[in-house]
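Undergrad: Give me coordinates for this.
(4 chains)
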There are 2 protein chains.
Amino acid sequence: MSKPPKSGLRDRKRIDTRARLEDAAITLALRDGLEQTTIHAISDLAQVSPRTFFNYFDSKDSAILGVRHAELLDEQVAQFLEETDITDPIEAVVALLLSIFDSPASRPTIREDRLDLIRRHPQILASQFTQVTQTRGRLTEAAETLLSRDDRFARLPSRELSDLAEMTMDICGSGLRIAMRDAAIDRAHAQTHDLEQRAHALVRNLIGHLR
Amino acid sequence: MSKPPKSGLRDRKRIDTRARLEDAAITLALRDGLEQTTIHAISDLAQVSPRTFFNYFDSKDSAILGVRHAELLDEQVAQFLEETDITDPIEAVVALLLSIFDSPASRPTIREDRLDLIRRHPQILASQFTQVTQTRGRLTEAAETLLSRDDRFARLPSRELSDLAEMTMDICGSGLRIAMRDAAIDRAHAQTHDLEQRAHALVRNLIGHLR
DNA sequence: GCGCAAAAATGCACAGTATGCAAATATTGA
DNA sequence: TCAATATTTGCATACTGTGCATTTTTGCGC
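TA: As a prediction, this is how the structure comes out:
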């Protein structure tokens, strides 16, 4: 029910086009800078029309970060909720946020290149978790689900749980953002596991200091 | 040194134009919706050319929220740092974030109208603290200064302090955002004092639950 | 293979955002 | 009043994003 990965020519082509667009966006942004990279140039390199670009992504930043349209995001989030068994709220939400960056890549270095871009243009990360309303709303819901799996949150009033979920998402996003920035500077720590650990540590350190 | 408020005709006009633009942006966004409100219409109502709009604001959202250009923001932040004597990190950073919304208004209800808009279009808040890189960087610096006034943070390594400052800003922004959303729903709690209290409570509640 | 239906890509038009530049206009202070 | 300076404005330009109609491609039953 969650993901029947059809494999007709049509679907393979769609996946391939998507990967080419992500690839092109990252390549050009790395080469020419974020501002200088236009939808036109991206589409050109990916060998599709500029109009087609918008059939796959909402914006330039979305393409660079590999963020999907609402429906695809829903699928992905639902799958994550189904599969994960992390119970600690911080760890679960960090994993959720990280999961939306995973995407079928056309080349192996795409993940590292993304981190490079983040290092050069931190603002694309800043906007990521908060800018897109739909994304944010969907992720807040998911965070709420994750939180309710923990005893500490399970019995709270719905409204309070909702507020806590949103804030948890924000603070985990904040930690993840910083962890990714660090990772972009020092590629030795760019592995997913390291990123997660670092993000957890940052969030917990903050909580420790503020209480 | 911080603010010699010149009062020549030129300066009075500039301040007035700014207020008229903010006013027009909010009025129209409330009347027609955020998407439907164009720079053209705003400029029209404020009786300046569309080109002039961009001499005062970077974008539509900036006008609605009354966010200043980088230089003006710097002034405002510096003044806040000079004047405030709040030592609690959470309270200080919440106050800092709230302070950037203060602006000379052309009519008394502008603050309430802003909250109304936030209720109808929560996304303009979501982008506010995180979208603009310059704003974010400047605010992080300021938060760092504020944190360093607290014993718990004063002796930390610079890098750690910087990370904590950024995350504190994020979490306070998160709490403030929710507090403002609530206030927009229930105007009885729209006073600055209530907003601050509510934001503090939200942040502390989160910390309590996550530790 | 054939041909029809569905899906995807495309071209085009359009509205809006944003910036640079130079000309026009207004304000200041001597 | 005059010249220096700041501000406003018009104009040109580039880019983002969306709707719609058309064309091309793919899937599938025959």
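Undergrad: For residue A:143, list the residues it contacts.
TA: A:93, A:96, A:165-166, A:168-169 (C-beta atoms under 8 Å, 6 or more residues apart in numbering or on different chains). (Each C-beta comes from the backbone N, C-alpha and C, glycine too.)
Undergrad: Which of the helices and strands in chain A ranks last by mean pLDDT?
TA: helix A:123-131 (a mean of 59; mean pLDDT, DSSP states H and E).
Undergrad: After that helix, which helix or strand is next?
TA: Next along the chain after helix A:123-131, taking DSSP states H and E as the criterion, comes helix A:133-147.
Undergrad: Quick check: the gap between residue A:145 and chain B.
TA: Per C-beta to the nearest C-beta, to the nearest Å, residue A:145 is found 16 Å from chain B.
Undergrad: What is the burial count for that residue?
TA: Close neighbours of residue A:145, defined as other C-beta atoms under 10 Å in any protein chain shown, add up to 16.
Undergrad: Just send the contacts of residue A:143 back as CSV, with secondary structure, pLDDT and neighbour count too.
TA: Converted to CSV, the contacts of residue A:143 look like this (DSSP: H, G, I helix; E, B strand; the rest coil; pLDDT from 0 to 100; neighbours: other C-beta atoms under 10 Å in any protein chain shown):
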residue, secondary structure, pLDDT, neighbour count
A:93, helix, 96, 27
A:96, helix, 92, 22
A:165, helix, 97, 24
A:166, helix, 94, 24
A:168, helix, 96, 27
A:169, helix, 93, 26
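Undergrad: Adding distance to residue B:33, write the residues you listed out as CSV.
TA: What follows is these, written out as CSV (distance: C-beta to C-beta, whole Å):
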residue, distance to residue B:33
A:93, 32
A:96, 32
A:165, 28
A:166, 24
A:168, 31
A:169, 27
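Undergrad: Next, give me the two most distant ones among those.
TA: Using C-beta to C-beta, the pair of the contacts of residue A:143 lying farthest apart is A:96 and A:166, separated by 13.1 Å.
Undergrad: wait, which of the contacts of residue A:143 is closest to residue B:26?
TA: Nearest to residue B:26 out of the contacts of residue A:143 is residue A:166 (C-beta to C-beta; 25.2 Å).
Undergrad: mind listing what the closest one touches?
TA: Contacts of residue A:166 (C-beta under 8 Å, 6+ apart): A:140, A:143, B:174, B:178.
Undergrad: doesn't residue A:167 make contact with the last one?
TA: By that I understand residue B:178. Yes. Using C-beta atoms under 8 Å, residue B:178 is in contact with residue A:167, at 6.9 Å.
Undergrad: what do these two both touch?
TA: residue B:202.
Undergrad: Dump the contacts of residue A:166 into CSV; add distance to DNA strand C and pLDDT as well.
TA: Shown next, in CSV, are the contacts of residue A:166 (distance: C-beta to the nearest atom of the strand, whole Å; pLDDT from 0 to 100):
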residue, distance to DNA strand C, pLDDT
A:140, 26, 90
A:143, 29, 96
B:174, 24, 91
B:178, 26, 89
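Undergrad: List just the nearest of the residues you listed to DNA strand D.
TA: Nearest to DNA strand D, judged by C-beta to the nearest atom of the strand, of these is residue A:140 at 21.3 Å.
Undergrad: What is the burial count for the closest one?
TA: The burial count for residue A:140: 18, using other C-beta under 10 Å.
Undergrad: was I right about it contacting residue A:163?
TA: No. The criterion here is C-beta under 8 Å, and residue A:140 misses it with residue A:163 at 9.6 Å.
Undergrad: Could you give the number of residues near whatever residue of chain A ends up closest to DNA strand D?
TA: Here chain A gets closest to DNA strand D at one residue, residue A:8, 2.7 Å apart by C-beta to the nearest atom of the strand. Using other C-beta under 10 Å, residue A:8 is surrounded by 8 other residues.
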